[in-house]
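Novice: Test case, fold it:
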Amino acid sequence: MDFFASQDRARRNTGLLIFYFIIAVVLIIASIYLVIAAAFLGFDKRPDAVSLWNGELFLAVAGGTIAIVSLGSLYKTSSLSAGGHTVAEMFGGQLIDPTTRDPGERRVLNVVEEMAIASGTPVPPVYLLVGESGINAFAAGFAPSDAIIAVTQGTINTLSRDELQGVIAHEFSHILRGDMRLNIRLMGVLYGILVVSMIGWILFRSTAGFGRMNFSSNNDRKGGNPLPLVGLALFVIGYVGVFFGKLIKSAVSRQREFLADASAVQFTRNPDGIAGALKKIGGVRSGSRIRNAEAEEASHMFFGDAMAQSLFSWMATHPPLAERIKRIDPGFDGTFPKVAAALEQESADAAESPLAAELVSQVAESGPVAAATTRKTATVPFGPQHVVGHVGTPQPEHVEYATALLASWPVALTDMLHETTGARAVVYALLLDDNDKVRAEQTADFKEPGLEEQVAEAAGLTSTLDAASRLPLVELAIPALRLLSPAQFSDFDRTVRQLVAADRRMSLFEYALQRMLLRHLAPRFTGRKPPRAKYQSLTALQSEVTGLLSVLAYAGHEDDAAARTAFEEGVKQCFGAGASPPMLARSEARLKSLDAALNVLAQSSSGIKQRVLTGCTAVISTDGRVTVEEGELLRAIADSLDCPMPPLGVV
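Specialist: Numbers count the residues shown, from 1 in each chain. Purely as a prediction, here's the structure:
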């Protein structure tokens, strides 16, 4: 899976959706006009002439229809704009408490955490669709930063851990490919068309008792009430539009399901996992059915077909179940297994595979990036094309590494990360300075009762871990930190900034932590939406790119000549061999100046982001060694560009 090509494909599909939407609206306008013209204008007395055209009426119908459909679409899209959690709540989804002790809920949270760390995304909140016995799941949101994952009760109760991992990997594919934004836009478009039917039905019901429409034998109009006929026609026309909308939804969704299935196999290197989940869908009575009344509206978002089998299979949002299974397991004979509840006891994940067991000791000793600095480059490749090629495309080794990493942490530390007070304490502990005087100044600001003691406990637990665990710890803390109240978040934000500023300087790690953490939490509390692609030319972003490359070059090289060599290598990757934009002076290249540049670059196209990340990777790898701090900063930059970067140095 090519992450950047997938993003471009998602944008093209959005353009195709808009094109089909325009065609559907044009056909609806024409149909409504003909109905109203026939009802109110009638026919010319001459049998060979039809007097149905009226320019003013047509403009009124066109304007009214466009307004109704547009307002309906905008209303629906706006109601979902707060993020993926609004979709989950629409289905009655309940947020799974990060501190839950329920074995099934704990297991699904563990799998989601592993996949998030492996792919380099913030850990998404998980919602449970209580009472839904079918095996199903979906991911929703506008970007990885506001994504959620929802699973049914049947998924938790019925699937084994491997099968659950296959389903979650499938949903992470949708997150990484950019499918979620298109899914929400589809919901908005179809709702706008449906509004026409709703208005027609209201008009029909409210006017049906006030007379009938009649025509005389000579085609002259006589009294009567045409509104019920118009209302009924609008109802039918609107549903014809919805019919074609479903065809669009089916065409867009089917191929994406095949791609997500293939990606799940690629991520986990375990085809039996997702194939087993699909087979169990065929083996249980409830299948993947969703009983909620809103299921039709979001049917294209689910892992399995959420609706009852239709006579018109070509309108289904998902490929036939047997076809999906055969693409993963060619030997499938079409026989679905008998299914019973398969809830497993949680086990030590690190012992489940030889690779995981090997990585547990590796993680405890050095972590992936640190390991890359001590091994030969041939063993652990770290080149621009290699690193950027894995963006949005976690490998099985990344998943194994994430599993082993989580297993290597003290249980007490993991428990702290799952609740709000503990998560704050861990973040604060990571920012404590080694200098006793500075640390005393930092802890003096802890006014909340018991907070200083919790931070001290967290500091003791984190001190035993390698530096490469620091950003994964922050990623794991995000779900609990999202549960803060607005006032608590404001206090948390202020405290983080004070801890960073205490020693009057900002380290690479402090910048990476603050940038990643607050970027993923601020939208939850401020309503800020992910930026859209605005820039299509790298030339227009030269000052931002050169500033970014300059900061990276100086951060990794104390010698100005070595920094310039690294900068020039990054420029070559971004702009080509002949380009020679000026490098900033060391005094001008400050970490604090990165924020403005990254905020602008976040609004660029996928192709530009790919070249920028390639240039950044070239800068930090020019000297043949990559420190943990450089790797953390690179991942923070990738995160700022909405380009999830898996742990570095694993493969």
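Novice: Phi, psi for residue 603 please.
Specialist: Backbone torsions of residue 603, given as degrees, to the nearest 10, read phi -100, psi 20.
Novice: Over to residue 622?
Specialist: phi -60, psi -40.
Novice: same check, this time on residue 643
Specialist: Dihedral angles of residue 643 (phi, psi; degrees, to the nearest 10) stand at phi -120, psi 90.
Novice: which residue packs closest to it, ignoring adjacent ones?
Specialist: For residue 643, ignoring the flanking residues on the chain, the nearest one in space by Cβ to Cβ, 6 or more residues apart in numbering is residue 391 at 4.9 Å. In short, each C-beta sits where N, CA and C put it, glycine included.
Novice: Can you classify the one you found as helix, strand or coil?
Specialist: Look at residue 391: counting by DSSP: H, G, I helix; E, B strand; the rest coil, its state is coil.
Novice: any idea how far it lies from residue 613?
Specialist: Distance of residue 391 to residue 613, computed by Cβ to Cβ, to the nearest Å: 7 Å.
Novice: my guess is residue 497 is in a helix, correct?
Specialist: Yes - per three-state DSSP, residue 497 lies within a helix segment.
Novice: surely it meets residue 517?
Specialist: No - Residue 497 lies out of contact with residue 517 (Cβ atoms under 8 Å); the separation is 11.0 Å.
Novice: The two: which has the busier surroundings?
Specialist: Ranked by neighbour count (other Cβ atoms under 10 Å), residue 497 and residue 517 place residue 517 first, with 23 against 13.
Novice: Check that one and give its pLDDT.
Specialist: pLDDT, residue 517: 86.
Novice: go on, the one 5 residues further on?
Specialist: Turning to residue 522, the model gives it a pLDDT of 80.
Novice: hang on, it in a helix?
Specialist: Yes - residue state for residue 522 (three-state DSSP) corresponds to a helix.
Novice: since we're on it, how many residues are nearby?
Specialist: Other residues near residue 522 come to 14 when the count uses other Cβ under 10 Å.
Novice: Could you check how far it is from residue 78?
Specialist: From residue 522 to residue 78 the distance is 20 Å (Cβ to Cβ).
Novice: and if you look at residue 576?
Specialist: In this view, residue 576 and residue 78 are 43 Å apart by Cβ to Cβ.
Novice: Compute the number of surrounding residues for the residue nearest to residue 643.
Specialist: By the criterion of other Cβ under 10 Å, residue 391 has 24 neighbours.
Novice: mind listing what it touches?
Specialist: Residues in contact with residue 391 (Cβ atoms under 8 Å, 6 or more residues apart in numbering) are 3, 4, 120, 610, 613, 638, 643, 644, 645, 646.
Novice: Give me the pLDDT for it.
Specialist: On pLDDT, residue 391 comes in at 84.
Novice: Next, give phi and psi for it.
Specialist: Dihedral angles (degrees, to the nearest 10) for residue 391: phi -60, psi 130.
Novice: And the one 5 residues further on, by the same measure?
Specialist: Dihedral pair for residue 396: phi -50, psi -40, per degrees, to the nearest 10.
Novice: That one and residue 265 touch, don't they?
Specialist: No - if you go by Cβ under 8 Å, residue 396 and residue 265 don't touch, sitting 9.6 Å apart.
Novice: The two: which is more packed in?
Specialist: Just comparing residue 396 and residue 265: by other Cβ under 10 Å the higher neighbour count belongs to residue 265, 20 against 17.
Novice: Could you list the buried residues of the helix or strand residue 479 falls within?
Specialist: Residue 479 belongs to helix 470-481 when assigned by DSSP states H and E. Within helix 470-481, the residues that count as buried by 16 or more other Cβ atoms under 10 Å are 470, 471, 472, 473, 474, 475, 476, 477, 478, 479, 480, 481.
Novice: Show me what that helix is packed against.
Specialist: In terms of contacts (3 or more Cβ pairs under 8 Å, 6 or more residues apart in numbering; DSSP states H and E), helix 470-481 is packed against helix 103-119, helix 396-408, helix 411-417, helix 420-430, helix 508-526, helix 628-640.
Novice: and the closest residue to residue 525 other than its chain neighbours, how many neighbours?
Specialist: Sequence neighbours aside, residue 489 is the residue nearest to residue 525 in space, at 4.8 Å (criterion: Cβ to Cβ, 6+ apart). A count of nearby residues for residue 489, using other Cβ under 10 Å, gives 19.
Novice: Which is the succeeding secondary structure element to the longest helix seen in the chain?
Specialist: If you go by DSSP state H, the chain has its longest helix at helix 227-268. The helix or strand immediately downstream of helix 227-268 is helix 271-283, counting by DSSP H and E.
Novice: That following helix to helix 227-268, inter-axis angle?
Specialist: Taking axes from the mean of the first three to the mean of the last three Cα atoms, to 10 degrees, helix 271-283 and helix 227-268 form an angle of 150 degrees between their directions.
Novice: can you pull the contacts of residue 590?
Specialist: residue 551.
Novice: ok, and the helix or strand in the protein with the lowest average confidence?
Specialist: Of all helical and strand segments in the chain, the minimum by mean pLDDT, DSSP states H and E falls on helix 368-374, at a mean of 36.
Novice: May I have the predicted confidence score for the nearest residue to residue 467 once chain neighbours are set aside?
Specialist: Leaving aside its sequence neighbours, residue 467 sits nearest to residue 628 (Cβ to Cβ, 6+ apart; 4.4 Å). Looking at residue 628, its pLDDT is 82.
Novice: For burial, what's the neighbour tally of residue 628?
Specialist: Neighbours of residue 628 using other Cβ under 10 Å come to 25.
Novice: now do residue 508
Specialist: Counted with other Cβ under 10 Å, the neighbours of residue 508 add up to 21.
Novice: residue boundaries of the strands in the stretch 101-250 of the chain?
Specialist: Under the criterion DSSP state E, counting those that start in this stretch, strands of the stretch 101-250 of the chain are mapped to 126-129, 137-140, 148-152.
Novice: Would you mind measuring from residue 465 to residue 623?
Specialist: Counting by Cβ to Cβ - residue 465 and residue 623 are separated by 26 Å.
Novice: Going by how many neighbours each has, rank those two and give me the top one.
Specialist: Taking other Cβ under 10 Å, residue 465 and residue 623 do not tie; residue 465 has more neighbours (20 against 15).
Novice: tell me the SS of the more buried one?
Specialist: Residue 465 carries the three-state label coil when classified by three-state DSSP.
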